[in-house]
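Visitor: Have a look; sequence and predicted model below, questions after that.
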Amino acid sequence: MKVTRRILRNPLAIAGLVVLGLAVVLAVFANFLAPHEPTQTALDQAFAPPGTAGHLLGTDDLGRDVVSRIMFGLRASLHVGILAVATSLVIGVPLGLMAGYFRAIDALISRLTDLVLAFPFLILAVGLAAIRGASLGNAAIAIGIAQIPGVIRIVRSETLRLKSLDFVAAAVVEGASDAWVLGRHILPNAASVIIVQATVAIPAAILGEAVLSFLGLGIQPPAPSLGTMLSDAQQFAARAPWAAVMPGLAIMLLTLAFNIVGDSLRDALDPKASRR
Amino acid sequence: MSRYLFHRLWQSAVTLILATIVVFAGVRALPGDPALALAGEDRDPESLRAIREQYGLDDSWPVQFWQFVSHAARGDLGQSIRTGEPVNGMIAGALPVTIELSVLALLVAGVIGIGAGVLAAVQRGRPAEWAANALALLGLSVPNFWLGLMAILYLSVALGLFPASGFVPFFTNPVANLHHLVLPALILGTGLAAVIMRQTRSSMLDALSADYIRTAEAKGLPPRAVIGRHALRNSLIVVVTIVGLQLGALISGAVVTERIFALPGFGKLTVDAVFQRDYPVIQAVVLVTATAYIVINLLVDLLYSVIDPRIRVRGDA
């Protein structure tokens, strides 16, 4: 495929894909790959610096292995990233298609979009945590809901554009039903825009999870998340800076890789934009 | 103009009413009996009945909703369950900190973002563009609370350049106030600077290839005037729009930044309220944020239509 070839010609995109692949492997096989249990404490080994035998990136205040916690933290990050974006797509794509296709409900959906936008994701998460309690799943839902307006807007404007094209008009003239036109003609052609939106939404969701867990509104201790590792490390950062530096670097590398891949995917799908 | 204004005001009013309903319904969805929650430690039937009476909890929902709205409209947001303080007093105390932090962060983001964006567009294909793009990508990817942690660790604790935490009101000591807010504002501004940089770059590239720029160059204007007076001016519209779109991110970011630097702002109020299950405060914070978001976006849209007349002619945005 042309798109694949264009991406593979970009060394930065390849580096991004490699980092993503590595992160996925570490997260999925954390049970087998992690040298220690992520929640296993060993007070006699607390504050071991990076490079200590058995602890490649050192330990935290409770003697827990930083590498192992990062692996399981990556799992939480990817879990929330994918769950949140899936939530926003499942709700946002149909609404966006309808808003763009049926003039009658466009205004209604726009008001709904404005309404969701009025609650910043952190405020949504705060409300949800108050109603349903703080958990990783609720964090993912809050982030997913906050991302719905973005999906609706992008799918809506793409639907509006496609609707005015001749092949859609031809299908309508032939007597195709609205559902057929939307599912068979518009959705497949909007797919590339949706994929690009998803690749930029995942790193945003991962950062969102880290923020919520950092504030204590996400995953509950002792389960590790890169965000909770940072909020723990804040207490003893001067004593054991590695415990604060490493999880942050892990988040940054992960989101950077997603952003690079997302950018190159967008350029590959729309070569005009990059050549300009 | 007046038709657009009316349309936009009407839209905002509808959104505001819907948001109020959502907050009201959300509070009713809270687990447990609100009277029990409001009573706190004091749970004898007599005081529970008094609380039900006081908060009108036995009234029908429409009546309760009307009570809620009319109290909120009068600026009465109830009392904290924990401290008994009026919530609007707590918010009035916290809001100036957050507003100052956000304005400074916007300033930082605007200066860095527009500067780097213009540089990248003008230096197209040269190392400066590459560096600006790389920095923007990093700015988008770095968790800003982690950046804040690193800044405290290395700039405040190790080098002692900035205070690591705390706040001094501006009118008590302006210099100390700014000294405390420089680092938080820089941290909060980075992500936004990256977004502004990318948009400025792409709209500058669009503008630079437009006919009116060629005209300006052809009539012999020096490059500085072409870029500054013509191309950049049009790109500023984009920045105004971004501020509206990114407002939610700015509010969320401010909450986290305040938490890291222990600033006594709106964010700290919010997070503390959740952990103390202080429902009246949570309700007020959510309502105030939503209202602020809607009002600021309305202002941004109106400002936008003043800068770019095409929008108000079209009638809808």
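Guide: That came in fine, so what should we check first? Being a predicted model, the structure only gives us computed values, none of them experimental.

Visitor: so how many other residues sit close to the closest residue to chain B within the stretch 151-276 of chain A?
Guide: Closest residue of the stretch 151-276 of chain A to chain B, CB to the nearest CB: residue A:248 (3.4 Å). Just so you know, the C-beta spots here come from the backbone N, C-alpha and C atoms, and that holds for glycine as well. Using other CB atoms under 10 Å in any protein chain shown, residue A:248 has 22 other residues around it.

Visitor: what's it in contact with, if anything?
Guide: A:226, A:230, B:142-143, B:146-147, B:149-150 (CB atoms under 8 Å, 6 or more residues apart in numbering or on different chains).

Visitor: pLDDT below threshold where in the stretch 151-276 of chain A?
Guide: Applying pLDDT under 70 to the stretch 151-276 of chain A picks out residues A:271-276.

Visitor: what about 90?
Guide: A:153, A:157, A:160-186, A:188-193, A:195-200, A:210-245, A:262-276 (pLDDT under 90).

Visitor: Show the residue spans covered by the helices in it.
Guide: In the stretch 151-276 of chain A, the helices defined using DSSP state H, counting those that start in this stretch lie at A:166-173, A:178-180, A:187-215, A:226-235, A:241-269, A:271-275.

Visitor: hmm, the biggest helix by length in chain A in reach of chain B?
Guide: If you go by DSSP state H, chain A has its longest helix at helix A:66-101. No. Against chain B, helix A:66-101 shows no contacts by CB under 8 Å from any CB of the partner chain, the least distance being 10.7 Å.

Visitor: and that helix, how far out from the chain's middle?
Guide: Remark: helix A:66-101 is offset 5 Å from the chain centroid, using CA atoms, centre = their mean, to the nearest Å.

Visitor: Stretch A:11-26 too?
Guide: For stretch A:11-26, the gap between its own C-alpha mean and the chain's C-alpha mean amounts to 15 Å (CA atoms, centre = their mean).

Visitor: And stretch A:262-271, by the same measure?
Guide: The mean C-alpha position of stretch A:262-271 is separated from the chain mean by 18 Å, CA atoms, centre = their mean.

Visitor: In that stretch, which residues are buried?
Guide: A:262-269 (16 or more other CB atoms under 10 Å in any protein chain shown).

Visitor: Now tabulate those in TSV and tack on distance to residue B:244.
Guide: Shown next, in TSV, are the buried residues of stretch A:262-271 (distance: CB to CB, whole Å):
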residue	distance to residue B:244
A:262	23
A:263	24
A:264	29
A:265	27
A:266	23
A:267	27
A:268	30
A:269	27
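
Visitor: Closest one to residue B:109 out of those, please.
Guide: Taking CB to CB as the measure, residue B:109 lies nearest residue A:263 of those, at 20.3 Å.

Visitor: So for the chain, the centremost residue is which one?
Guide: All of this refers to chain A. residue A:202 (1.9 Å; CA atoms, centre = their mean).

Visitor: Not quite, go with chain B.
Guide: Residue closest to the average C-alpha location in chain B (CA atoms, centre = their mean): residue B:251, at 3.4 Å.

Visitor: Nearest residue to it in space, please, no chain neighbours.
Guide: Leaving aside its sequence neighbours, residue B:251 sits nearest to residue A:120 (CB to CB, 6 or more residues apart in numbering or on different chains; 4.5 Å).

Visitor: What is the neighbour count of the one you found?
Guide: 24.

Visitor: Likewise for residue A:162?
Guide: 22.

Visitor: May I ask you to confirm that it is in contact with residue A:186?
Guide: Yes. Here residue A:162 reaches residue A:186: they are 5.0 Å apart, a contact under CB atoms under 8 Å.

Visitor: Give the residues shared as contacts by these two.
Guide: Counting by CB under 8 Å, 6+ apart, the residues touching both residue A:162 and residue A:186 are residue A:168.

Visitor: Quick check: which ranges of the stretch 151-300 of chain B have low pLDDT?
Guide: B:151-183, B:190-192, B:195-196, B:198-256, B:258-300.

Visitor: All the helices of it, residue numbers only.
Guide: With DSSP H, counting those that start in this stretch, the ranges of helices along the stretch 151-300 of chain B come out as B:174-208, B:211-218, B:223-225, B:232-245, B:247-261, B:266-275, B:279-307.

Visitor: quick one, what contacts residue B:26?
Guide: A:127, A:131, B:283, B:286.

Visitor: Helix or strand for the second one, just tell me which one.
Guide: Taking DSSP states H and E as the criterion, the element that holds residue A:131 is helix A:121-132.

Visitor: Does anything pack onto that helix? Which helices or strands?
Guide: helix A:136-163, helix A:187-215, helix B:247-261, helix B:266-275, helix B:279-307 (3 or more CB pairs under 8 Å, 6 or more residues apart in numbering or on different chains; DSSP states H and E).

Visitor: With only the CA atoms kept, save it in PDB.
Guide: Only the C-alpha atoms of helix A:121-132 are listed here, as PDB (Å, rounded to 0.1, in the frame of the first residue of the first chain):
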ATOM      1  CA  PHE A 121     -11.800  16.600  31.300                       C
ATOM      2  CA  LEU A 122     -10.400  17.000  34.700                       C
ATOM      3  CA  ILE A 123     -13.700  18.400  36.000                       C
ATOM      4  CA  LEU A 124     -15.600  15.500  34.400                       C
ATOM      5  CA  ALA A 125     -13.200  13.100  36.100                       C
ATOM      6  CA  VAL A 126     -13.700  14.900  39.400                       C
ATOM      7  CA  GLY A 127     -17.500  14.600  39.000                       C
ATOM      8  CA  LEU A 128     -17.300  11.000  38.000                       C
ATOM      9  CA  ALA A 129     -14.900  10.200  40.800                       C
ATOM     10  CA  ALA A 130     -17.400  11.800  43.300                       C
ATOM     11  CA  ILE A 131     -20.300   9.800  41.900                       C
ATOM     12  CA  ARG A 132     -18.800   6.500  41.100                       C
END
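
Visitor: Pull the distance from it to the chain's centre.
Guide: Distance, centroid of helix A:121-132 to centroid of chain: 18 Å (CA atoms, centre = their mean).

Visitor: got the buried residues for it?
Guide: A:121-130.

Visitor: which of those residues has the weakest pLDDT?
Guide: In terms of pLDDT, residue A:130 ranks lowest among the buried residues of helix A:121-132, with 79.

Visitor: doesn't residue B:277 make contact with that one?
Guide: Yes. The pair residue A:130 / residue B:277 is scored as a contact, 7.2 Å apart, by CB under 8 Å.

Visitor: hmm, back to that, single out the most deeply packed of the helices of the stretch 151-300 of chain B.
Guide: The highest average neighbour count among the helices of the stretch 151-300 of chain B, using mean count of other CB atoms under 10 Å in any protein chain shown, belongs to helix B:247-261 at a mean of 24.

Visitor: other SSEs contacting that helix?
Guide: Against helix B:247-261 (3+ CB pairs under 8 Å, 6+ apart) you get helix A:121-132, helix A:187-215, helix B:87-122, helix B:144-151, helix B:174-208, helix B:266-275, helix B:279-307.

Visitor: Redo those helices as TSV? Include distance to residue A:104.
Guide: Output for those, formatted as TSV (distance: least, CB to CB, whole Å):
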stretch	distance to residue A:104
helix A:121-132	29
helix A:187-215	20
helix B:87-122	39
helix B:144-151	42
helix B:174-208	33
helix B:266-275	39
helix B:279-307	24
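
Visitor: Which one, of those helices, ends up nearest to residue A:62?
Guide: helix A:187-215 (17.2 Å).

Visitor: List the buried residues of the closest one.
Guide: So for helix A:187-215, counting by 16+ other CB under 10 Å, buried means A:187, A:189-190, A:192-194, A:196-215.

Visitor: and chain B, which of the residues you listed contact it?
Guide: Okay, of the buried residues of helix A:187-215 touching chain B (CB under 8 Å from any CB), that's A:203, A:207, A:210-211, A:214-215.

Visitor: What about the nearest residue in space to residue A:221 that is not next to it in sequence, how many residues nearby?
Guide: The shortest distance from residue A:221 to any non-neighbouring residue, by CB to CB, 6+ apart, is to residue A:228 (6.2 Å). Neighbourhood size, residue A:228 [other CB under 10 Å]: 25.
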